[in-house]
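Enquirer: Could you work out the structure for the sequence below:
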Amino acid sequence: HTSIIVHKDEFFYGSGGISSCAPGGTLLGPPDTVVDLGNTEVTEEIFLEYLSSLGESAFRGESYNLFEHNCNTFSNEVAQFLTGKKIPSYITDLPSEVLATPFGQALRPLLDSIQIQPPGGSTFSRHNGQS
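Expert: Just a heads-up that it's a prediction; the model follows:
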């Protein structure tokens, strides 16, 4: 699981679409690793508009795929928007590395059917608490 923490909230993507919570607020608990990608000049208002657009297009819940369009894809795209930097390739390359193994190939049909949504967040909506 990967996510982006910006403007005092954590944002992530799963089969329920884009969600947000307080940092470390999913039931997965605090992260094992934090990668600091730097600061952003993007205002909260512009960021929330951007997320709303993503949630209506490329990152709808039904677009989620464990191997090809997942939380890593989302985190990478959002990181580039905010900072111009990608998340580390050891994270984004992990799904293809798993699929390259005989075990990964054997499990792929089962894994493709799994819908993942880390519990503990609320589905992001531009109008959550916004006027």
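Enquirer: in this structure, which spans are strands?
Expert: Using DSSP state E, the strands assigned to the chain run over residues 4-6, 9-14, 17-21, 122-123.
Enquirer: if we compare those, which one ends up closest to Ile114?
Expert: Nearest to Ile114 among these is strand 9-14; the distance by Cβ to Cβ comes to 10.7 Å. All C-beta spots, glycine's among them, are computed from the backbone N, C-alpha and C.
Enquirer: Which elements pack onto the closest one?
Expert: Here strand 9-14 touches strand 4-6, strand 17-21, helix 71-83, going by 3 or more Cβ pairs under 8 Å, 6 or more residues apart in numbering; DSSP states H and E.
Enquirer: same question for the last one, mean pLDDT?
Expert: Meaning helix 71-83. What helix 71-83 shows for mean pLDDT is 97.
Enquirer: So which bits of it are buried?
Expert: By neighbour count with 16 or more other Cβ atoms under 10 Å, helix 71-83 contains the buried residues 71-79, 81-83.
Enquirer: can you put the helices and strands packed on strand 9-14 in a markdown table and add distance to Glu41?
Expert: Conversion of these to a markdown table gives the following (distance: least, Cβ to Cβ, whole Å):
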| stretch | distance to Glu41 |
| --- | --- |
| strand 4-6 | 12 |
| strand 17-21 | 21 |
| helix 71-83 | 9 |
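Enquirer: Please name the residues that touch the closest residue to Leu54 other than its chain neighbours.
Expert: Nearest non-adjacent residue to Leu54, counting by Cβ to Cβ, 6 or more residues apart in numbering: Ile18, 6.5 Å away. Taking Cβ atoms under 8 Å, 6 or more residues apart in numbering as the contact definition, Ile18 lies against 11-12, 51, 54-55, 59, 74, 123-124.
Enquirer: switch the cut-off to 7 Å
Expert: Neighbour list for Ile18: 11, 51, 54-55, 59, 124 [criterion: Cβ atoms under 7 Å, 6 or more residues apart in numbering].
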